Structure formats: C-alpha cells, structure tokens
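>>> need a 3D model of the sequence below.
(2 chains)
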Amino acid sequence: MKYMLLIYGNEERWASVGREEFERIVAETDALNRELFESGELVGAYGVADQVNAKVVRVDDRGVPVVSDGPYAEAKEYLGSFTIVDCENLERALEIAARNPAARYVGVEVRPLMHEADVGS
Amino acid sequence: MNGDDPGWRELRLAAPVVLGALVRRHGHFDECEDAVQEALVAASSQWPRTGRPANPTAWLRTVATRRLVDRLRGDAARRRREARDAHATRAGEDRGTPTGEDDTLTLLFLCCHPALTPPSQVALTLRAVAGLTTAEIARAFLVPEPTMAQRISRAKRQVKAAGAVFAMPGEHDRPARVAAVNAVLYLLFNEGHTASSGEELVRPQLTAEAIRLARLAHRALPDDGEVAGLLALMLLTEARRPARTGPAGELIPLAEQDRSRWDAPMIAEGIALITRTLARAPVGPYQLQAAIAAVHDEAATAEETDWPQILALYGLLERVAPNPVVTLNRAVALTMVHGPDAGLALLDTIAHDPRVAASHRYASVRAHLLELAGDTDGALAAYEDAARRTTSTPERRHLLGRAARLRQRHPADGPCGAR
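Presented below is the predicted three-dimensional model:
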C-alpha cells in the first residue's frame, strides 16, 4: 500500500529554527530516507522548490493553455516536501511519519494513495 | 512481460528448479538466487535478438551455474564469509532424491519465512519461486525498480540472518509455516484479482501464479484442509473473472454478473475440492470462505442463491475466525434472509469497532442495506461516504455509480436528490 507523507512549511516556524539545528534535521531526514530505501519501502522523496517558482497552468475555453504565477504567494502554509512510501499498512506509514524530524516541528500529513493509477490500459 | 510465450513459461517453471539444484549443491541461497536472476535477465535481453534456445531449461541451468561460479570466485572476502557460514544454508542432504517440484515447494516455504514482512514475502516469492525479473515485479506493483531490488535483497539478508535453511520446516513448525505460505498466496491472488489496472499483462499473471503455487502446495500437502480450502477459494473466485468487469473495466457486482460467462469447469473443480475437503479435514477459515463462494457459484441466477446456507456458513466463520469484516458480510446474508432491519441491527453492533468503523467497507455495506430498506437519503449519503473512504479507483467509480443510479431513480427525494 502506498502512502504520501506531506510536510507543509510555515515560514515563521522554520525561521525560528537555528542553522545548526536545521542541519541536524537535514542529516536526520537523509538517514531516514536511506534506511527506507534499504528496506525497499521508499518510492521517492522530494523537496519542493520555493513557491516563488510555482506556476499554474489553466486551459481556457478555446483550448489554449494559460500560464500564470502560483496563486499562493500570500499563503502562510505551503507544501515543502513530500515522500512516497510503499509499505505494509497504515500503522507502518504512521511509524515512518513519526520518525521524520519535521513531525516535531510542523507535523507530517499521511495520505493513502489511490490503488492504482490507470497506466496499463 | 513474456508470460504467454511457451519458451518463457518453461523458463519461469525451470527457474525454481534450477535454483533449488544450485542451493543444494553450493549452499548460499542468496548468491544462487542472484545468479538465477541474472540468467533470467540475460535471457530477457538476449532472446529477443538471438531467438530462444532449443532447451530453455538447460540454457538456464548452464548460464546460472556460470554466473554463480563467477560470483563465488570473484570475491575473496566473500569466500572467507562462505567458509564461515558454509553450513548456514546447506541442507537437504538427508533427503532422498528431491524432484523439481519438491525444490519449488521448499523455496516457497523459504520465501514465506516469518522473519519477513508480507510485502517482502510476496516480492521474494515472485522472484525466486515464480521466476519473474525484478523489473516485472516492480511494474506489477508500480514501484521503481531500485525500490523492489532493495526490498528483495533485504528480504534475502533477513532470511539468512534468521538462520533459515533450505529444507522443509519440521513437524513442529509446520502448521505456522503453512499458514504463512497460505497468507502469502492469498495476498498474491488478491493483488492480481482486485486491482483492475497496473501493468495489464502482469496482473492476471499474479493470479495465475498464486493458483499454480496453491496447486503445488496442495499436491505436496494433500491432507492439509486449509491448503485445499485456499485453492478451492481461488478457483471459485477466479471462475467469475470473465464476468466481474464490464467493457469499460467497471466492476460488476456478483448479483448483476452474467453467470453464463463464469468458467464452469473451474467451478466444478473448486466445488469438488471443497466438498471433499470439508468432509474429512478440521474446518478452517479458507475452507469456509470457499464453501460460501461455492454456494454463490452453484446458483444459476442471483435470485436462486441459497442465502440461509450462506448465513449459516458466515455464522461458523465468525466463530472460527472472529473478525468484524466477517460480521459485515454476515449482515448482508442476514438481510437476504431476514430483511434489511435485521442486517442493519447487526451492523450497529460493530459501528464503533475501530477495525471497520472508518473503512469504506462498513459504509458501502450500510449503503446497500439502507437502499434495500428504502432509505434513499441515508443510502446516498453512505455511498458517497464509502466512495470518499475507499483507496481503490475502480471501487470508487463503482460506489459513485451506485449513488448516481439511486439519485436518478429518486430524483425528488430529499436534499441529496437535488445534488
């Protein structure tokens, strides 16, 4: 069963974390990801670039794609990173989430992924 | 996937036999398994260019042996390690001349070792016993190949660390180990059976593989009632496959399936097997589930289903293996015999059971019973709730379809009708 672990950033919360502490968080996250890769549970882990880079694509009535800057520039909370794991059950996914250092700062949202995407047909 | 080509089928059948022979001769399950896998990968890249050899089994044996020798020679440190645990994976000398089938079964037990998590047991079984390549297994489960490769090599390390030997478990361990094999085969079967997509060619093959291995286990352990029960359950479920999905891949519930499309010989085989087994083995959950499937399969139309018998079987199943999911199913049977009020009252008894209360299954059964009770609003809300809760795309589509159909029939009913 696949789960997506989402970590939402909060400018104020992260700003209060000192540089050394932040480096420890990064090291701890790297170690966790390595462990999950070695156990064969890691599908992927990604940091999301700052929201100033966000683009939104909409297709208008004539079928023409219109690209605009992300609409969330003013938002307080934003998606900072996400990890996809493929593990035995929800219990294990929650255990993995609890080991993520971000769980101590902003919380980790755990979402089951739909089973399966239609890619075969 | 090369599953349909006869040369490939022979190669995949030969894979565990060659692996078994290598392990008996050289020990080192993990090294031998890697060697056979390398030979399989070599076949998948070479054969399309060079054509397949006249004797795929002999080819596999030769190439895998050569790879193993290269591996064992190549690494001095490994040789030292080898000397240290030479006894660790060498076993089976005390047996007579094992057949390929014996070895395949021994491998199956090894891959379903209790030290592994179920996903690892399934992955290792598919590679070492079913002869699939890592890439094929990764495609079947929609994960990146390195993820699957890691899962398998970790599983092999864990098997080794647990001190497992290449031999059938002893009498004392046998029941627990057989139960683990059954659980893995059931998981494998469901993986192929429930997902409508993923890699189209691999999925049905998972189901076929589960049935093939269950047959093998049943031939080797003919007196084990649960092994027989599981095989019968698989046959009686698989027989309905042609009628389970519509032209657009949509799920068709049992009551609405075109029963002329069911596989009659497979049903006959499943019914004969479960009838024989129930008569002589101590009863268990797989046998009871097979018996329930048999009652469904015996009915020429949904209306002719012998619901009182199904209700009695669910009652037994609840006693043998108490589980709120069984209670959910019993509520459906109870409804068919005594009406929706009785079924809904039974559902209420598990409404706060954390194992099912938040699941889509509870909501969808409740929706179905409310619909039968004529509570359109309640049923609509429950169908929509169930659709939100499921993590299966086809099931979500199915549940939303039920809601839409209900709304169409009762356009003026209540606030939901206006949506």
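>>> tell me which residues touch A:V66, please.
A:57-60 (C-beta atoms under 8 Å, 6 or more residues apart in numbering or on different chains). Glycine gets a C-beta too; all of them are placed from N, C-alpha and C.
>>> and stretch B:248-268, how far from the chain's centre?
With C-alpha atoms, centre = their mean, to the nearest Å as the basis, stretch B:248-268 stands 19 Å off its chain's centre.
>>> spell out the secondary structure type for the residue of chain A found nearest chain B.
Minimum separation of chain A from chain B (C-beta to the nearest C-beta) falls at A:G40, amounting to 2.4 Å. At A:G40 the chain is in coil, as set by DSSP: H, G, I helix; E, B strand; the rest coil.
>>> ok, back up a step: can you list the contacts of A:V66 in a markdown table and add pLDDT?
What follows is the contacts of A:V66, written out as a markdown table (pLDDT from 0 to 100):
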| residue | pLDDT |
| --- | --- |
| A:V57 | 92 |
| A:R58 | 92 |
| A:V59 | 95 |
| A:D60 | 93 |
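>>> export the residues you listed to TSV and tack on secondary structure, neighbour count and distance to A:A27?
Converted to TSV, the contacts of A:V66 look like this (DSSP: H, G, I helix; E, B strand; the rest coil; neighbours: other C-beta atoms under 10 Å in any protein chain shown; distance: C-beta to C-beta, whole Å):
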residue	secondary structure	neighbour count	distance to A:A27
A:V57	strand	8	36
A:R58	strand	9	40
A:V59	strand	9	43
A:D60	coil	8	46
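>>> re the thing from before, how close does the closest residue to the residue of chain A closest to chain B other than its chain neighbours get to B:L116?
Once flanking residues are discounted, A:G40 sits nearest to B:R151: 2.4 Å by C-beta to C-beta, 6 or more residues apart in numbering or on different chains. For B:R151, the distance to B:L116 (C-beta to C-beta, to the nearest Å) stands at 10 Å.
>>> of the two, which one has the most company?
A count of neighbours by other C-beta atoms under 10 Å in any protein chain shown puts B:R151 above the other of B:R151 and B:L116, at 29 against 24.
>>> identify the residues contacting the more buried one.
Contacts of B:R151 by C-beta under 8 Å, 6+ apart are A:39-41, B:119-120, B:123.
>>> can you check A:P65 too?
A:P65 touches A:57-59, counting by C-beta under 8 Å, 6+ apart.
>>> quick one: the closest residue to chain A within the stretch 151-300 of chain B from A:K2, how far?
For the stretch 151-300 of chain B, the residue closest to chain A is B:R151, as judged by C-beta to the nearest C-beta, at 2.4 Å. Note on B:R151: its distance to A:K2, by C-beta to C-beta, is 13 Å.
>>> run through chain A and note the low-pLDDT ranges.
A:71-75, A:115-121 (pLDDT under 70).
>>> please repeat the previous calculation with a cut-off of 90.
Counting by pLDDT under 90, chain A shows low-confidence ranges at A:1, A:8-17, A:48-56, A:68-80, A:106, A:114-121.
>>> give me the residue at the spatial middle of it.
With distances taken as C-alpha atoms, centre = their mean, A:F82 lies nearest the centre of chain A, 1.5 Å away.
>>> quickly list what it is bridged to.
Counting by DSSP bridges, A:F82 is bridged to A:L6, A:Y46.
>>> ok so, going back, give the phi and psi angles for the residue of the stretch 151-300 of chain B closest to chain A, as a check.
Here is the backbone geometry of B:R151 (degrees, to the nearest 10): phi -60, psi -40.
>>> distance of it relative to B:V69?
B:R151 is 27 Å from B:V69, by C-beta to C-beta.
>>> just B:R49 next, same as before
25 Å.
>>> equivalent analysis for B:L107, please.
21 Å.
>>> which of those two has more neighbours?
Taking neighbours as other C-beta under 10 Å, B:L107 and B:V69 compare with B:L107 leading, 23 against 12.
>>> thought the more buried one was touching B:L19?
Yes - taking C-beta atoms under 8 Å as the definition, B:L107 is a contact partner of B:L19 at 6.4 Å.
>>> how far away is B:F141 from chain A?
Relative to chain A, B:F141 is positioned 7 Å away (C-beta to the nearest C-beta, to the nearest Å).
>>> contacting residues for that residue?
Contacts of B:F141 (C-beta under 8 Å, 6+ apart): A:86, B:123, B:148, B:191, B:198.
>>> which residue of chain A lies farthest from its centroid?
A:R62 (34.1 Å).
>>> quick one, helices of the stretch 301-419 of chain B?
For the stretch 301-419 of chain B, the helices defined by DSSP state H, counting those that start in this stretch occupy B:307-320, B:324-338, B:340-348, B:360-372, B:376-389, B:393-409.
>>> out of the ones you listed, deepest packed?
Per residue and on average, the most neighbours among the helices of the stretch 301-419 of chain B fall to helix B:360-372, with a mean of 22 (mean count of other C-beta atoms under 10 Å in any protein chain shown).
>>> does it reach chain A?
No - judged by C-beta under 8 Å from any C-beta of the partner chain, helix B:360-372 and chain A are separated, with a smallest distance of 10.9 Å.
>>> specify the angle between that helix and helix B:376-389 in degrees.
160 degrees (axes from the mean of the first three to the mean of the last three C-alpha atoms, to 10 degrees).
>>> so which elements touch helix B:360-372?
Applying 3 or more C-beta pairs under 8 Å, 6 or more residues apart in numbering or on different chains; DSSP states H and E, we find helix B:360-372 packed against helix B:324-338, helix B:340-348, helix B:376-389, helix B:393-409.
>>> mean pLDDT lowest for which of those helices?
Of all the helices and strands packed on helix B:360-372, helix B:393-409 carries the lowest average pLDDT, namely a mean of 90.
>>> return the residues in contact with B:E226.
B:178-179, B:182, B:281, B:284-287.
>>> how about a cut-off of 10 Å?
B:175, B:178-179, B:182, B:233, B:277, B:281-287, B:290 (C-beta atoms under 10 Å, 6 or more residues apart in numbering or on different chains).
>>> equivalent analysis for A:Y3, please.
By C-beta under 10 Å, 6+ apart, the neighbours of A:Y3 are A:41, A:43, A:83-87, A:89-90, A:92-94, A:96-97, A:110-113, B:391.
>>> in helices only, show me those residues.
Judged by DSSP state H, the contacts of A:Y3 include A:90, A:92-94, A:96-97 as members of helices.
>>> could I have the buried ones of those residues as PyMOL selection syntax?
With 16 or more other C-beta atoms under 10 Å in any protein chain shown as the criterion, this PyMOL line picks the buried residues out of those:
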select buried, chain A and resi 92+93+94+96+97
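>>> which one among the ones in helices among the contacts of A:Y3 gets closest to B:R407?
A:L90 (31.7 Å; C-beta to C-beta).
>>> surely that closest one and A:M1 touch.
Yes - proximity of A:L90 to A:M1 meets the contact threshold set by C-beta atoms under 10 Å, at 7.5 Å.
>>> and for these two, which residues touch both?
A:P112.
>>> thinking again about what came up before, my read is that the residue of chain A closest to chain B contacts B:E145, right?
No - in this structure, A:G40 is not within contact of B:E145 by C-beta under 10 Å, at 11.0 Å.
>>> who's more crowded, these two?
Between A:G40 and B:E145, counting by other C-beta under 10 Å, A:G40 is the more crowded of the two (24 against 14).
>>> what's the separation between that one and B:F141?
Counting by C-beta to C-beta, the gap from A:G40 to B:F141 is 11 Å.
>>> need the residues of the stretch 1-150 of chain B near chain A, please.
B:117-120, B:123, B:139-144, B:146-150 (C-beta under 10 Å from any C-beta of the partner chain).
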